[in-house]
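Peer 1: fold the following and give me the result.
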Amino acid sequence: MKNNLLLIIISFLLSNCNSSNSNPNQISTKNESKLNTNNKMNKEDLIKNVKLAINPKFQDWVLFKNGTYIIFDNADTIKSVNHEAIKQMREFGPVFAGGPAGDFNTIHLTKTEGWIVSGHGYGMYTYVSPSELENTDDLQVGMYGRSKRDLDGKNPEVIYINSRKK
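Peer 2: Below is the predicted model:
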């Protein structure tokens, strides 16, 4: 009896941890049930804001569709930066509750509006625009950025590569 009750509780908890969204324009978070992605930036504005967000000393980076980008320190030693970025995004992008992939830090930007959200992948950040959220406290911004990184990790689509080699 005790074991059956324990199994029921565990099954309930696990089934609620990985629910899918019926609306592809919404991202679930724990504290706010849905975040709307209809206010998503266009590609050109996203690239412009990410360029302003990154320290100019870092010239080699790859930007993904939902605003996550990876900075490379050693791009000249990498055969295909595009391939390596997708590999890292698949490894460090998806969010798993209870592990380091769920950790984040919210950083306020000074050269453009918005924030970057860092995670556990080295050199991996996600840009969040103020136009994407109504509630802009650090927790909500961080959770939203983490959700965007999760989308990029599960379906990595490179939209821009910046390289010091021209």
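
Peer 1: switch to C-alpha atoms for all contacts and neighbour counts from now on
Peer 2: Will do.

Peer 1: mind listing what the residue nearest the centre of the chain touches?
Peer 2: Nearest to the mean C-alpha position of the chain, by Cα atoms, centre = their mean, lies Arg149 at 1.7 Å. By Cα atoms under 8 Å, 6 or more residues apart in numbering, the contact list for Arg149 reads 66-68, 93-95, 126.

Peer 1: apply 6 Å and report the result again.
Peer 2: For Arg149, the contact set (Cα atoms under 6 Å, 6 or more residues apart in numbering) comprises 68, 93.

Peer 1: and the pLDDT for it?
Peer 2: Looking at Arg149, its pLDDT stands at 94.

Peer 1: and it, how far is that from Trp61?
Peer 2: Here the criterion is Cα to Cα, to the nearest Å. By it, Arg149 lies 15 Å from Trp61.

Peer 1: what segments of the chain are helices?
Peer 2: 2-17, 43-53, 81-92, 138-154 (DSSP state H).

Peer 1: can I get those in CSV including distance to Asn74?
Peer 2: Putting these into CSV (distance: least, Cα to Cα, whole Å) gives the following:
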stretch, distance to Asn74
helix 2-17, 37
helix 43-53, 19
helix 81-92, 10
helix 138-154, 22
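
Peer 1: which one of those lies closest to Lys111?
Peer 2: Among the helices of the chain, helix 43-53 comes nearest to Lys111, with 5.9 Å by Cα to Cα.

Peer 1: what lies in contact with that closest one?
Peer 2: Contacts of helix 43-53 (Cα under 6 Å, 6+ apart): Lys111.

Peer 1: with that, I have no additional questions.
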